[in-house]
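Chemist: below are the sequence and a predicted model; questions follow.
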Amino acid sequence: MLSPLLALCALSGASEPPNADPRAFGAQGDGKNDDFPAIERALASIPDRGTLTFSAGVYRVRQTVRVPQGVSVAMQDGAEIAFDPIEGADAPAIVLGSPSSPTVGVDFTNLSIRRVPSGDWKNKESVGLRAIRLVNCRLTVRRVVGFRTGIEAVGEGGGFAHNEVSPGYLAGNRVGLALIARNPDGYCNENLFVGGRFAGVSDRMRREPRYGIVTAVEGGAKSLNNNRFLAPCFELLGDQTTEAIPMVLSGAGSGFTVIGARTESCGPVFARETGDARDNRYDVSYADVAQRIERGPRSTSVLTNASDNPGVLAATRPVWMATDLAARSHDGSDGMAVEGFSFLVSGAETSVAPKLVRAGQAKIAQGGLLLPAGWAIGRLVDARRTRTFVLDASFAASPSGRAVFVFFDGRGQPLGKSEGGVVGGNVQPWFSPAWQAWTMGSDVTGPAFFELKPEVAFAWIGVACGSNPSALLAFNLYTPESHAPASWDGPDIPR
């Protein structure tokens, strides 16, 4: 049996799957020519498990791009689909998957889709991205703008289930994200949605109602449950329209959990439930007005406003919990060690990768662990198991600490300062030359939700003292239940 590190090395030496760039098949990417025929030729050339890769450019298409099963899609930064449908033929811009059989274990990365011109929201087929019957897939969206519905997640012919979705920036759509169960055997269950900014910007449809996340059951479907949403942000401009509601569960939707939602200019109704919608939990961490549920006949759901929020981590499972760091700390002849943790030391004078070492200057104080300036404490995690985490650290004084990240590829090499490692969530770290690592520009004020990029195999996740140095009392790291545990107990830096 191979050791984890040997298995990792063997994996990193595997051949790359084939990919095709539409430019190699005649696409212009200039936003003027119709690139649909070239994209079709590129798709036809890709075998199963290959990747359609869009280099930077604006790809104008006038018909729906249908991605065959087993084919991944990746858009480089600066790449975008500009959907300009033939007059009177409004349709989805991109369709992933099919009702005929499931699409399993495929990545769709950094997708960006815009309707030109922006739609009038009248045609129900005006959809930016329709994903049908995906299972155990990872879908990362940069933005979808100007459609009646930004993203549709559809269970038809089977389930849309066990996926990790980062909705990105959804603006100028009547509905940002729709979860649909269609026909008796269709269901949309057990998915994780990370982040998402639902914005109501629309010059053409300024007075029309708009919604963040909606559900629908069609054709006798019954199952639409146990979906989770981490830190969505709703800015629907309710003061400019007749109605703006972050979540509308129509006919069905149970066991939903919303964690750390932010809502602004949406009005007092956070969720509307009708029909069989029930047993959901909505946690609102920020709102400009107190939020409530507009209840249906079977609604038993609970909403927690920011003012009476007892905690936002009930729907996740701990990867690593340390609620008494003082008890875990041990002074030795060569400095202090903390059970289960390693330390990162900043070094502005050197350009080499940071080393994870034992601290020599940390001390027990204020009931916790007091870190000196330039020191961070954390733990290595295995991002091959899951890419979604919640970091919850508490200090003797708040706000006090800052999150620090080091990202490694599959060979144990730190990713460069131009690459980064976070693709979604409520944190946007920047590269610090002093740390030679990625850190937050402001103090941690609550749980940090984030998703790691596909190229990250391991990550060191930690905290350092912020603008108000005080003792670290607890360090808790969480991940979705289906993927726990993801902590790495091998060497500090796998190589």
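Modeler: That came through, no problem.
Chemist: Gly421 and Lys453 touch, don't they?
Modeler: Yes: with contact defined as CB atoms under 8 Å, Gly421 counts as touching Lys453 (5.3 Å). Using the backbone N, CA and C atoms, a C-beta is placed for each residue, glycine as well.
Chemist: now do the shared contacts for those two.
Modeler: Counting by CB atoms under 8 Å, 6 or more residues apart in numbering, the contacts common to Gly421 and Lys453 are Phe407.
Chemist: who has more neighbours, those two?
Modeler: Comparing Gly421 with Lys453 by other CB atoms under 10 Å, the one with more neighbours is Gly421, at 23 against 19.
Chemist: who's in contact with the more buried one?
Modeler: Going by CB under 8 Å, 6+ apart, Gly421 touches Phe405, Phe407, Leu415, Trp438, Leu452, Lys453, Glu455, Val456, Ala459.
Chemist: secondary structure and pLDDT added to those residues, as a markdown table?
Modeler: As requested, the contacts of Gly421 are arranged in a markdown table below (DSSP: H, G, I helix; E, B strand; the rest coil; pLDDT from 0 to 100):
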| residue | secondary structure | pLDDT |
| --- | --- | --- |
| Phe405 | strand | 89 |
| Phe407 | strand | 88 |
| Leu415 | coil | 82 |
| Trp438 | strand | 87 |
| Leu452 | strand | 85 |
| Lys453 | coil | 85 |
| Glu455 | coil | 87 |
| Val456 | coil | 89 |
| Ala459 | strand | 87 |
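Chemist: remind me which residues of the stretch 201-350 of the chain are low pLDDT?
Modeler: Regions of the stretch 201-350 of the chain meeting the criterion pLDDT under 70 cover residues 202-206, 306-340, 347-350.
Chemist: now the helices for it?
Modeler: According to DSSP state H, counting those that start in this stretch, the stretch 201-350 of the chain carries its helices in the segments 325-328.
Chemist: tell me where it has strands.
Modeler: For the stretch 201-350 of the chain, applying DSSP state E, counting those that start in this stretch gives strands covering 210-218, 228-230, 233-235, 244-249, 257-264, 269-273, 281-287, 292-294, 302-304, 317-322, 329-332, 335-338, 342-345.
Chemist: check the stretch 351-495 of the chain too.
Modeler: Under DSSP E, counting those that start in this stretch, the stretch 351-495 of the chain gives strands at 356-357, 363-365, 368-370, 375-382, 388-395, 401-408, 422-425, 430-432, 437-439, 448-452, 458-465, 472-479.
Chemist: what would the ones you listed look like in a markdown table with mean neighbour count and distance to Tyr187?
Modeler: Listed next are those as a markdown table, based on neighbours: other CB atoms under 10 Å; distance: least, CB to CB, whole Å:
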| stretch | mean neighbour count | distance to Tyr187 |
| --- | --- | --- |
| strand 356-357 | 16 | 44 |
| strand 363-365 | 13 | 52 |
| strand 368-370 | 22 | 46 |
| strand 375-382 | 24 | 30 |
| strand 388-395 | 24 | 22 |
| strand 401-408 | 25 | 35 |
| strand 422-425 | 23 | 25 |
| strand 430-432 | 15 | 41 |
| strand 437-439 | 22 | 38 |
| strand 448-452 | 25 | 24 |
| strand 458-465 | 25 | 33 |
| strand 472-479 | 22 | 24 |
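Chemist: name the helix or strand for Pro42, please.
Modeler: Actually, residue 42 is Ala. It isn't Pro. Per DSSP states H and E, Ala42 falls inside helix 36-45.
Chemist: which secondary structure elements does that helix contact?
Modeler: With contacts defined as 3 or more CB pairs under 8 Å, 6 or more residues apart in numbering; DSSP states H and E, helix 36-45 has these neighbours: strand 19-20, strand 51-54, strand 57-61, strand 65-67.
Chemist: ok, residues contacting the first one?
Modeler: Residues outside strand 19-20 that contact it (CB under 8 Å, 6+ apart) are Ala42, Leu43, Ser45, Ile46, Gly50, Thr51, Leu52, Thr53, Ala74.
Chemist: mind doing that once more with 7 Å?
Modeler: Outside of strand 19-20, the residues within contact range by CB atoms under 7 Å, 6 or more residues apart in numbering are Ala42, Ser45, Ile46, Gly50, Thr51, Leu52, Thr53.
Chemist: how about TSV for those residues, with distance to Arg138 added?
Modeler: Putting these into TSV (distance: CB to CB, whole Å) gives the following:
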residue	distance to Arg138
Ala42	22
Ser45	24
Ile46	18
Gly50	16
Thr51	13
Leu52	16
Thr53	16
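Chemist: by neighbours, which of those residues wins?
Modeler: Ranked by neighbour count (other CB under 10 Å), the contacts of strand 19-20 have Ala42 at the top, with 24 neighbours.
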